[in-house]
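Trainee: okay, sequence plus prediction incoming.
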Amino acid sequence: MAIAVGSEFLLVGFQHYPADLHLGFLGQRHHAVIPLCILALLSGHTHPLSAIKTFAQYLPEKYADPAFRQKFFRIVQAEIDRINTLVGELSDFAKPAPLQLQPVHLAEVVEDTLLLLSNQCLQQGVDVHKSFGENGFAVQADVQQLKQVILNLLLNSLEAMPQGGKLEVATEVHQQHLMLRVADTGSGIDPTHLREVWDPFFTTKERGMGLGLAIVKGVVERHGGQITISSTPGQGTTVELSLPRAIS
């Protein structure tokens, strides 16, 4: 499919975006972000408006059916929530919020985020192992954006372990940086996809746009940090990020 961008055209497939479509490219071509984001929202196996439209078409003839009305309201609410999530991701990606930096203890943010996911961990049978070795040091970070990074990484790990497994979260000091490691025993990532997981709009999932890890990488790099990923199919995935220590 071709979409006009200024006086040029970009060829973008509905199901797969070019491997060279990365943050650097979009950073140089801000005017390309909006049409690509709209395409990402509307493409894929299904998009929220399709589900809402389908149910709306049946509503006049099935409104008298209480079971249909209940299902209609449940599906529409779920799809609206999904739209809100997608729009939030597009906003975070296209125009990141300015950093509000302050000294932040990684362990506290990790604990808060794990608490949000504690029920999901229990339901899935995921054992969480924590190891904090910050020795009182903090990072200079935007606490809300850092929490979003950690939440995204933990959710990815949980998604890879639907039948249970082991989740390890550890922090440690490494010279002038603090390290965070998130490791799971999930399904792992195909080696052919490892180089592409940071690319915006790359995804192998049925739902979502593939912006999660691109946003994570952008947040980490805006903090002056680095992030890496390693994975073995059938054994699990490990993500490690490092952030500069806050100056005492």
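Mentor: Noted; the coordinates are in hand. Numbers count the residues shown, from 1 in each chain.
Trainee: F68 against Y58, yeah?
Mentor: Yes - taking Cβ atoms under 8 Å as the definition, F68 is a contact partner of Y58 at 7.3 Å. Bear in mind the C-beta positions are built from the backbone N, C-alpha and C, glycine included.
Trainee: more crowded one of those two?
Mentor: Counted by other Cβ atoms under 10 Å, F68 and Y58 do not tie: F68 has more neighbours, with 15 against 12.
Trainee: domain map for the chain?
Mentor: 2-42, 48-94, 102-244 (automatic domain parsing).
Trainee: are we agreed that H129 is in a strand?
Mentor: Yes - under DSSP: H, G, I helix; E, B strand; the rest coil, H129 sits within a strand.
Trainee: just the terminal-to-terminal distance for stretch 136-151.
Mentor: Using Cα to Cα, to the nearest Å, one end of stretch 136-151 lies 22 Å from the other.
Trainee: now mean pLDDT too, for the domains of the chain, in TSV please.
Mentor: Below are the domains of the chain laid out as TSV (pLDDT from 0 to 100):
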stretch	mean pLDDT
domain 2-42	42
domain 48-94	75
domain 102-244	89
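Trainee: please identify the deepest-packed of those.
Mentor: domain 102-244 (a mean of 17; mean count of other Cβ atoms under 10 Å).
Trainee: what about the helices in the protein?
Mentor: All helices of the chain, identified by DSSP state H, fall at 23-28, 33-42, 48-62, 66-94, 106-116, 118-124, 143-159, 212-222.
Trainee: closest one to P233 among those?
Mentor: helix 143-159 (15.1 Å; Cβ to Cβ).
Trainee: what's the closest one in contact with?
Mentor: 92, 97, 99-100, 102, 104, 106, 109-110, 112-114, 116-117, 120-121, 124, 126, 139, 167, 169, 180, 182-184, 186, 212-213, 215-216, 219-220, 223, 237, 239, 241 (Cβ atoms under 8 Å, 6 or more residues apart in numbering).
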